[in-house]
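Trainee: this one's sequence-less:
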């Protein structure tokens, strides 16, 4: 139809919204409008861009340009506290392509509904149990002219296994007061063991809408669902009482323009009120009371409790209310925002993905300051816009920290530089780069400004600079000429906004996060202006020691490790340290070899993240490959990586790096390799196939009946993981690799061996963790080949005396080493093509990242004796898919130990709500 709207049609997970940056659109139906729906579950948030019919909701939408939230104030029976949970957020609009993916991150997290806990305890929770409730055979509806007949709803006794009531108030038409009421005894499942999964039996569910073309400080409540356990708590007046008690904070909706584009007018409401609204019937209710049942929430994993309060113009903001979220994707914050002479303070939780930049560690203090030009006085002045304190343990955002928040980092620029680079000479037209395709990313010296051509600009030029990796000067640049001011839209003409963050481990250093420049000087949008700004910027963060007195949960023992990584630096000087829970991590040094490049990483590893269980500390782990060189026609040996692990504070001192062994010199006789790995060159050979995954047991009792022999005309991969080397317990897997392709090449003859030494065990001996064989000899996948290999293997341990275990932690120097010299070239992201299952590790900072080719051989399935199935990257050197001057892309230290060959297929069903 010629008059239908064009809307985006995409779906994605909030953790990766790139899938929503699609070109798919629809214009199939008249009288629809466009929407962005965000549905939030514990651990996942799903986003859908689509269209819905104009009259699809029970409540009449006065203007299809709105934001609606569905939220729930709930009682936690374990903590005996009330908390707020957001179920969904919906944005609606009615002009072509108005549901742009760029608005996804602008959806409000919450309207922050709040009701005094004392009132909730008295009117909703009570004693936690009730025996009788109002019961309506049908919905009772009415409006201001024809009031509802609540006499139809009589008090009834509930079944013995029901201890709460349910009532809802639905405003079909807010303007006329048209409301429908229904009440009954709550569903039985809310009294069962899984009641909390469904939201609990003591809660208030709220749906409210803000019309964006109207006064945004006002809202309409669409529906209230009350689940309560107080005598007479389903009285018809309960909804009015809740409305009077309810407060909320709508928040920042400035991303949505106050007026529609001039090409589209806001549709008016039809004169008739019968058509689009829900009929006032006296038949059985068409909306079942159980629709809120089992699909809303699940128990919160890894719960994190944060204080949750807000205050205006109070220096301390006392707070006792708390909210529970998940440490997996949130942390606690205190935020202080300044609006002129007014101050707004709130404590709450924040999603990890809410910031544009990666949070390296906790706690932190973040400040945004503006350097503005006063047109009347002709002077530059600085104001602090907001301060954020972030931490990640229970109740760490305590209100007594509020007075300790910094007022400013005193970020200043010379007035002469501001006048010449920002203010300009007052010419009516200046040059401004235009980046129509979005931000351009790179280092300060290598930004490609060719994609942002210069154009004349007779308004303000806005230049944005986001430091995604401040330590390595990696930033994203964007520039454009702002539209002219209107009565609704005025921007500063000359302003510099600077965001800086300080971590507790480096309290005297401010990392720049983002710089926004509003300027009218000629060529003020040049990419080099940010480098000039940083050179001219002075920063005084002040003393933050009182704010950072606590840096972790005092109830959980912590372990401190050196935390750095270096490229081609033999010593890798490091002074940065980080702490993590001592019962979950230990310290490590890892050296990875990629051809002529060497990456050295220091940091934490999770105790349960290695494929084979670490039985003792300290240890040394080496992986070596014995490869056949087809050109030289000989066998060569290379070391892929070396790992040192230890379990006391600062035990991974960088002074140990030069002493890391280059190799354990794991060797096999060439005649054995030729016979058992290389073979005679026949085109087809026998290879065992294990379709059901690895077969585990002792070497003499492996059941290979599940791995029948098949013909193979490519490389046979034979994998053997020693879960308990000292008990000879191993897991065997074998399969025929797929043929090579343009994107997939596999070594035809190779043996990879991982050897582990526990340094506390004397005499020192190498235990085999894993052996992977890539072979083309006939019957090279026989299970006993690993026993033969072990009997032919020779090793030379060498001098490991620098790693002799310390008798106590006090013997380890804790003095800070010299100033860190970090490499400015970041580790490459590599694409591997093999599937060796090795050790997996993880840490908290950004190391070289490896990814598996999508054409890898079949993924092995882990047996019941080995909890983690992973695969090992081994090709030397790897194929680089990321420039070596780009930043690391994942927070894992030991990438070779974490690379996986699991083909994961995730089916996400995101459905568009019909509201009810």
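Mentor: Cool, got the structure. Only a predicted model underlies this, so the values are computations on that prediction, with no experimental measurement involved.

Trainee: How are the helices of the protein distributed by residue range?
Mentor: Under the criterion DSSP state H, the chain contains helices at 117-120, 238-245, 415-418, 529-536, 670-673, 785-792, 895-898.

Trainee: for the ones you listed, which one sits closest to residue 404?
Mentor: Shortest distance between residue 404 and these, using Cβ to Cβ, is found for helix 117-120: 26.6 Å. In this view, the C-beta of every residue, glycine as well, is placed from N, C-alpha and C.

Trainee: Show me how far the closest one is from its chain's centre.
Mentor: The chain centre lies 34 Å from the centre of helix 117-120; the measure is Cα atoms, centre = their mean, to the nearest Å.

Trainee: Repeat that for stretch 165-185.
Mentor: With Cα atoms, centre = their mean as the basis, stretch 165-185 stands 38 Å off its chain's centre.

Trainee: Buried ones in it, by neighbour count?
Mentor: Along stretch 165-185, these residues count as buried under the neighbour rule (16 or more other Cβ atoms under 10 Å): 165-174, 178-185.

Trainee: First-to-last residue distance for it?
Mentor: 4 Å (Cα to Cα, to the nearest Å).

Trainee: what is the rounded mean pLDDT of it?
Mentor: The pLDDT scores in stretch 165-185 average 78.

Trainee: which sections of the stretch 551-700 of the chain are below the confidence cut-off?
Mentor: The stretch 551-700 of the chain contains residues with pLDDT under 70 at 611, 699-700.

Trainee: Apply 80 and report the result again.
Mentor: The model of the stretch 551-700 of the chain has pLDDT under 80 over residues 556, 607-613, 691-693, 697-700.

Trainee: the strands in it, which residues?
Mentor: Using DSSP state E, counting those that start in this stretch, the strands of the stretch 551-700 of the chain run over residues 558-562, 564-567, 577-581, 585-594, 597-606, 619-629, 634-646, 685-688, 695-698.

Trainee: what helices or strands is the fourth one leaning on?
Mentor: For strand 585-594, the helices and strands in contact under the criterion 3 or more Cβ pairs under 8 Å, 6 or more residues apart in numbering; DSSP states H and E are strand 558-562, strand 597-606, strand 634-646, helix 895-898.

Trainee: Which positions in stretch 644-661 come out as buried?
Mentor: 644-654, 656-657, 660-661.

Trainee: of all those residues, which two lie farthest apart?
Mentor: 649 and 661 (23.9 Å).

Trainee: returning to that earlier point: could you export the helices of the chain as JSON lines, including distance to residue 219?
Mentor: Shown next, in JSON lines, are these (distance: least, Cβ to Cβ, whole Å):
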{"stretch": "helix 117-120", "distance to residue 219": "20"}
{"stretch": "helix 238-245", "distance to residue 219": "11"}
{"stretch": "helix 415-418", "distance to residue 219": "41"}
{"stretch": "helix 529-536", "distance to residue 219": "40"}
{"stretch": "helix 670-673", "distance to residue 219": "75"}
{"stretch": "helix 785-792", "distance to residue 219": "69"}
{"stretch": "helix 895-898", "distance to residue 219": "47"}
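
Trainee: right, so of these, which gets closest to residue 693?
Mentor: Smallest distance to residue 693 across those (Cβ to Cβ): 17.5 Å, for helix 785-792.

Trainee: got the contact list for the closest one?
Mentor: Around helix 785-792, the neighbours that count as contacts under Cβ atoms under 8 Å, 6 or more residues apart in numbering are 668-669, 672, 676, 699, 718, 720, 730, 732, 751, 768, 771, 773.

Trainee: Kindly report the same for stretch 734-742.
Mentor: Residues outside stretch 734-742 that contact it (Cβ under 8 Å, 6+ apart): 687-690, 707, 710, 712, 714-719, 744, 746, 774, 781, 855, 857-858.

Trainee: and it, how far apart are its ends?
Mentor: Counting by Cα to Cα, you get 24 Å between the two ends of stretch 734-742.

Trainee: For the closest residue to residue 454 other than its chain neighbours, name its beta-bridge partners.
Mentor: Closest residue in space to residue 454, ignoring its immediate chain neighbours: residue 431 at 4.9 Å, by Cβ to Cβ, 6 or more residues apart in numbering. Counting by DSSP bridges, residue 431 forms beta bridges with residue 456.

Trainee: I'd like to know how many residues surround residue 431.
Mentor: 16 (other Cβ atoms under 10 Å).

Trainee: so what pLDDT did the closest residue to residue 541 other than its chain neighbours get?
Mentor: Distances taken as Cβ to Cβ, 6+ apart place residue 409 nearest to residue 541, at 4.9 Å, with adjacent residues excluded. Per-residue confidence (pLDDT) for residue 409: 92.

Trainee: In this model residue 510 seems to touch residue 409, though I could be wrong.
Mentor: Yes: between residue 409 and residue 510 there is a contact under Cβ atoms under 8 Å: 5.6 Å.

Trainee: what residues are shared contacts of the two?
Mentor: Common neighbours of residue 409 and residue 510 (criterion: Cβ under 8 Å, 6+ apart): 500, 502, 539, 541.

Trainee: And the pLDDT at the last one?
Mentor: The score at residue 541 is 89. That number is its pLDDT.

Trainee: any idea how far residue 258 lies from residue 691?
Mentor: 62 Å (Cβ to Cβ, to the nearest Å).

Trainee: With neighbour numbers in mind, choose between these two.
Mentor: Ranked by neighbour count (other Cβ under 10 Å), residue 258 and residue 691 place residue 258 first, with 14 against 10.

Trainee: I'd say the more buried one and residue 213 touch.
Mentor: Yes: look at residue 258 against residue 213 with Cβ under 8 Å: they come within range, at 7.2 Å.

Trainee: so what's residue 84 up against?
Mentor: Going by Cβ under 8 Å, 6+ apart, residue 84 touches 71-74, 110, 112-114, 308, 323.

Trainee: who's it bridged to?
Mentor: Counting by DSSP bridges, residue 84 is bridged to residue 73.

Trainee: per-residue pLDDT, it?
Mentor: The per-residue pLDDT reported for residue 84 equals 90.

Trainee: for residue 813, same thing?
Mentor: Residue 813 carries a pLDDT value of 36.

Trainee: what do you get for residue 437?
Mentor: Predicted confidence (pLDDT) for residue 437: 68.

Trainee: again with residue 806
Mentor: With respect to pLDDT, residue 806 scores 65.

Trainee: Ok, the one 3 residues further on next?
Mentor: Per-residue confidence at residue 809 stands at 41 (pLDDT).

Trainee: before we move on, what about residue 27?
Mentor: 81.

Trainee: re the thing from before, could you measure from the residue nearest to residue 541 over to residue 579?
Mentor: For residue 409, the distance to residue 579 - Cβ to Cβ - is 24 Å.

Trainee: Those two: which is more packed in?
Mentor: A direct count of neighbours by other Cβ under 10 Å for residue 409 and residue 579 places residue 409 higher, at 24 against 20.

Trainee: In contact with that one, which residues?
Mentor: Applying Cβ under 8 Å, 6+ apart to residue 409 gives the contacts 367, 369, 500, 502, 510, 539-542.

Trainee: Compare those and tell me which is most surrounded.
Mentor: residue 367 (26 neighbours).

Trainee: who does it bridge with?
Mentor: Beta-bridge partners for residue 367, by DSSP bridges, are residue 387, residue 500.

Trainee: Residue 708 reaches residue 692, doesn't it?
Mentor: No: contact criterion Cβ under 8 Å: residue 708 and residue 692 do not qualify, at 11.0 Å.

Trainee: which of the contacts of stretch 734-742 count as buried?
Mentor: Listed as buried from the contacts of stretch 734-742 are 687-690, 707, 712, 714-719, 744, 746, 774, 781, 855, 857-858; burial here means 16+ other Cβ under 10 Å.
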